[in-house]
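Trainee: structure of the sequence below:
(chains A, B, C and D)
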Protein chains: 2
Amino acid sequence: MRRTDTADWPCTIARSVSVLGDHWNLLLLRQACLGTRRFDDFQAVLGTGRNILSQRLGRLVEEGLLRKVEYQPNPPRHEYRLTDKGREVYPILAAMAAWGERWLTGPEGTPLILHHTACGHDMHAVVVCSECDQPIDVREVRAAPGPGFPGGETP
Amino acid sequence: MRRTDTADWPCTIARSVSVLGDHWNLLLLRQACLGTRRFDDFQAVLGTGRNILSQRLGRLVEEGLLRKVEYQPNPPRHEYRLTDKGREVYPILAAMAAWGERWLTGPEGTPLILHHTACGHDMHAVVVCSECDQPIDVREVRAAPGPGFPGGETP
DNA sequence: GGCAATGAGTTCCAACATGCAACCCTCTCG
DNA sequence: CGAGAGGGTTGCATGTTGGAACTCATTGCC
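Mentor: As a prediction, the model looks like this:
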């Protein structure tokens, strides 16, 4: 049976998950954020099978997170670049990195340091409230149906 | 072939992805954050097959994001509760919700409003730098290998 | 001119993973 | 006593992966 598709659920998380809830998509976006642009480079760094890679890149282009740009007409060669939509996934990746650093790092220390050139410090990501700038905790957030929420479905 | 396992890659994102890069895991955590605790409730809300659900809940318990708590000894009944490790995934989900709201919402508006009881406003999540409190943009972040980074592998 | 290399994919196939439905087990309640 | 409720297994038909091999157009090199 086909994998359940959550793209149409009335939940912004479920919708994001339908694009981002995949292994390879997330890793491809990570790589794209690190500057990788070409098919063979993605393949070399991630070790993804070429068929899978082809399929995923195609999906990300379809979804508008990447865009195929021709950088040489003859023979036609192109690269995959992040769109704004794709670039804005980075904060999510950064939040994952922060979580991974906190919970999945052994005694040898973090393998990855993020340096914020804007302020000149090594940093990690913090997720805060847009209104009061305080870090978010589940216990202080309540979810309610918004204008786009239909009848009595999945909250 | 078995799905590629990224749990041991020298990259905090890849490691997080090995737990969070799954459809169901993310949705289960979302539900757990919304207060769902019992097998049948997860099943009813998400429509996950019972076998898959059983497997995923087991995995999340193994990974330490959920914990099985007996709430009645006879017949033995238990519920799944978030651990600290699991609770701290919420910011990632909130960041996904914010992204989904920005890029995957139709004209009917968002289906989900988050209310921050700590400050009393409706909010969305923003991912900022721990040092300067400014929102993160990929172009202002540089990744470098940290102490836990081995020889010449996947950056 | 011939030949290997480069970039970007397809195609094929066997090993897994998903989803659905049906079954199981243990108590409790009417 | 029979019917639920709660929490799962098991079986099976599809689907999805990953690996390796193959394609194809073009360019660099001798």
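Trainee: so for chain A, the centremost residue is which one?
Mentor: By Cα atoms, centre = their mean, chain A has its centre lying nearest to A:V89, at 4.3 Å.
Trainee: hang on, it packs against A:L27?
Mentor: No: the criterion here is Cβ atoms under 8 Å, and A:V89 misses it with A:L27 at 11.9 Å. Just so you know, the C-beta spots here come from the backbone N, C-alpha and C atoms, and that holds for glycine as well.
Trainee: quick check: residues of chain A near DNA strand D?
Mentor: Neighbours of DNA strand D within chain A, by Cβ under 7 Å from any atom of the strand: A:1-3, A:22-24, A:47-52, A:55, A:74-75.
Trainee: separation between A:L93 and chain B?
Mentor: Distance of A:L93 to chain B, given as Cβ to the nearest Cβ, to the nearest Å: 6 Å.
Trainee: the bottom helix or strand of chain A by mean pLDDT?
Mentor: Lowest by mean pLDDT, DSSP states H and E among the helices and strands of chain A is strand A:66-73, with a mean of 87.
Trainee: close to chain B, is that one?
Mentor: No: on the criterion Cβ under 8 Å from any Cβ of the partner chain, strand A:66-73 is out of touch with chain B, staying 13.4 Å away.
Trainee: in chain A, which ranges drop under the pLDDT threshold?
Mentor: Low-confidence segments of chain A, defined by pLDDT under 70: A:1, A:151-155.
Trainee: show me the helices in it, by range?
Mentor: Assigned by DSSP state H, chain A shows helices spanning A:12-20, A:23-33, A:39-46, A:50-62, A:84-87, A:90-103.
Trainee: contacts for the fifth one?
Mentor: Pointing back at helix A:84-87 there. Residues outside helix A:84-87 that contact it (Cβ atoms under 8 Å, 6 or more residues apart in numbering or on different chains) are A:29, A:32-33, A:60, A:63-66, B:103, B:137-139.
Trainee: if we can go back for a sec, quickly check the residues of chain A next to DNA strand D for the two that are furthest apart.
Mentor: For the residues of chain A next to DNA strand D, the farthest-apart pair by Cβ to Cβ is A:M1 and A:N74; their separation is 44.3 Å.
Trainee: if any of the contacts of helix A:84-87 are buried, give me the PyMOL selection for them.
Mentor: Listed next is the PyMOL selection for buried residues among the contacts of helix A:84-87, using 16 or more other Cβ atoms under 10 Å in any protein chain shown:
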select buried, (chain A and resi 29+32+33+60+63+65+66) or (chain B and resi 103+137+138)
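Trainee: now tabulate the contacts of helix A:84-87 in JSON lines and tack on distance to B:C119.
Mentor: Converted to JSON lines, these look like this (distance: Cβ to Cβ, whole Å):
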{"residue": "A:L29", "distance to B:C119": "31"}
{"residue": "A:A32", "distance to B:C119": "35"}
{"residue": "A:C33", "distance to B:C119": "31"}
{"residue": "A:L60", "distance to B:C119": "36"}
{"residue": "A:E63", "distance to B:C119": "33"}
{"residue": "A:G64", "distance to B:C119": "33"}
{"residue": "A:L65", "distance to B:C119": "32"}
{"residue": "A:L66", "distance to B:C119": "36"}
{"residue": "B:W103", "distance to B:C119": "25"}
{"residue": "B:D137", "distance to B:C119": "25"}
{"residue": "B:V138", "distance to B:C119": "28"}
{"residue": "B:R139", "distance to B:C119": "30"}
